[in-house]
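Chemist: please find the sequence and the predicted model below.
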Amino acid sequence: MANKIIEFLENSLKPKILIVQPSRMGDIIFALPAVVEIKKKYPHSHISWIADERCAEILSGNSIIDNLIVFDRTKITLSYLKQMYKNLRDQKFDLSIDFHGLFKSAVIVKMAGAKYKLASSSTNGMREFSWLFSKEIKPWTKDTHCIERHLAVAKYLGCEFDINNLDFNLQIDEKYILEIKAILKKEKIDLDEKLVLVHPGGGWISRRWSSLKFAQTIDLINELFKVNVILIGGKEGGASEKGLDEEIISLSKTKKIVNLTGKLTLKQLMALFKFTNLFLANEAGPMHIATALKVPSIAILGPTDANRTGPFKGNTVIIQKKVACQPCRNRNCTNLICMKLVTVDEVFYEVCNKLK
C-alpha cells in the first residue's frame, strides 16, 4: 500500500492531505515534525490541518499548512457537524492522517472520506475503535516517543530525516515580538537581565509540583541570581489550575515576581520564549513548545513515561523520580508520590547549572 500512496502523491498535481490532530498543545508539537517532513517530500501537496479551537493559534500562519480548519468544541450541535461534514467532503481529500487515534479523530476521518487513510500509533496506540477507520503505522519500538511514532508515518510515505535534527517549523512573526517587548516594558522588566519563566500548572493535577516548592525555588533563584521571574499559565488552565499563580506569590518571600498568568496569547508566549534564559515547568503544552524552540528548560515529570511523552531532545533537563506505580494515567491521583519526591534542592541545582 505504501508504494501505491507514494506513487499517487508523487504523480498528482496537487494531492490534498488532511492532518487530523484536534487535541492539545503538546500533541500538536508532537505531530509537527512528521508534517514538516511530509511537506518537504511533497512540496506540491496541499495540506489542511484540523485543530482544536484552544490550540489552533499555534498553527496559524505556519508555512507548511495551506488550510487551517478549526474544530470548535463549544459549538458542537447536529447542525455544526452536518456543516463540517459538508465542508470536509467538498474538499475531496486524497489522504487523511490521524495523529490522534481516538474516537473523535476517527469520526473526523470518516467525515472527510479521503481515498487513503493512515494513522500513527500515537501515545498508546490507536484506541476507541479508531483502528477501524485508518491503517495504523506501527512504531519502531514499544517505547518509541510520540514524535517518533508520528514520524513512522512520514517514513512510510518515503520521507528521510535526521532524528537528531528535527524541524518543528514554529514561526514567530515580528508582530508578536514587538507585542512582548511592549508587555515586558510595561512590567518594568530589564531585558539586559536574565529572564526565568515559570509554569506551575498543567492539564493533569497529578503532573503538578507543589506551589510551595515552586515558591521556595523562586526565592532561591532571586537570592542567588539577578533575574526577572515571570509566572505564566492559561486563563482557566483546566483541572483547577486557576489560582496557582496567586498561591505561589502568597507563599513566596520574593516580591519581584511578574504575573502574566492568563494575559498572553499562544503566539505571545512563543515570542516570550525568545527572551527566556530558563524555563521551569511541569510537563504540559508550554514545556513542549519551549523544547521545540530549544529554550533552556527544566521539566519536572511525575506519572507519565518520559520516553514516550516527555520533552523530546532539545535543551531540556528532565527531573523525574521512579516509583512502582509509573507510568500511570491517573489524572486526579491523590497519592502524588512521584511529584512529592522531587525536592527543591535538586531542582535548584539544575537551575544553577542552566543559569551559570
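Modeler: Alright, I've got the coordinates.

Chemist: where along the stretch 251-356 of the chain do the helices fall?
Modeler: Ranges of helices in the stretch 251-356 of the chain, per DSSP state H, counting those that start in this stretch, are 266-273, 285-292, 306-309, 337-340, 344-355.

Chemist: what's the answer for the chain, then?
Modeler: Ranges of helices in the chain, per DSSP state H, are 2-11, 25-41, 78-90, 103-112, 146-156, 174-186, 211-224, 244-251, 266-273, 285-292, 306-309, 337-340, 344-355.

Chemist: quick one, which of the helices of the stretch 251-356 of the chain is packed in tightest?
Modeler: With neighbours defined as mean count of other C-beta atoms under 10 Å, the helices of the stretch 251-356 of the chain peak in mean count at helix 285-292, which reaches a mean of 26. Just so you know, the C-beta spots here come from the backbone N, C-alpha and C atoms, and that holds for glycine as well.

Chemist: counting by contacts, list what that helix packs against.
Modeler: With contacts taken as 3 or more C-beta pairs under 8 Å, 6 or more residues apart in numbering; DSSP states H and E, helix 285-292 sits against helix 25-41, strand 194-199, helix 266-273, strand 278-282, strand 297-301, strand 316-320.

Chemist: adding mean pLDDT and distance to Lys213, write those out as JSON lines.
Modeler: Below are the helices and strands packed on helix 285-292 laid out as JSON lines (pLDDT from 0 to 100; distance: least, C-beta to C-beta, whole Å):
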{"stretch": "helix 25-41", "mean pLDDT": "96", "distance to Lys213": "23"}
{"stretch": "strand 194-199", "mean pLDDT": "96", "distance to Lys213": "11"}
{"stretch": "helix 266-273", "mean pLDDT": "96", "distance to Lys213": "23"}
{"stretch": "strand 278-282", "mean pLDDT": "96", "distance to Lys213": "11"}
{"stretch": "strand 297-301", "mean pLDDT": "96", "distance to Lys213": "9"}
{"stretch": "strand 316-320", "mean pLDDT": "94", "distance to Lys213": "11"}
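
Chemist: let's have the ones you listed in JSON lines, adding distance to Ile205.
Modeler: Converted to JSON lines, the helices and strands packed on helix 285-292 look like this (distance: least, C-beta to C-beta, whole Å):
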{"stretch": "helix 25-41", "distance to Ile205": "16"}
{"stretch": "strand 194-199", "distance to Ile205": "15"}
{"stretch": "helix 266-273", "distance to Ile205": "22"}
{"stretch": "strand 278-282", "distance to Ile205": "10"}
{"stretch": "strand 297-301", "distance to Ile205": "14"}
{"stretch": "strand 316-320", "distance to Ile205": "17"}
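
Chemist: so which of those is nearest Ser96?
Modeler: helix 25-41 (12.4 Å; C-beta to C-beta).

Chemist: perfect, I'm done here.
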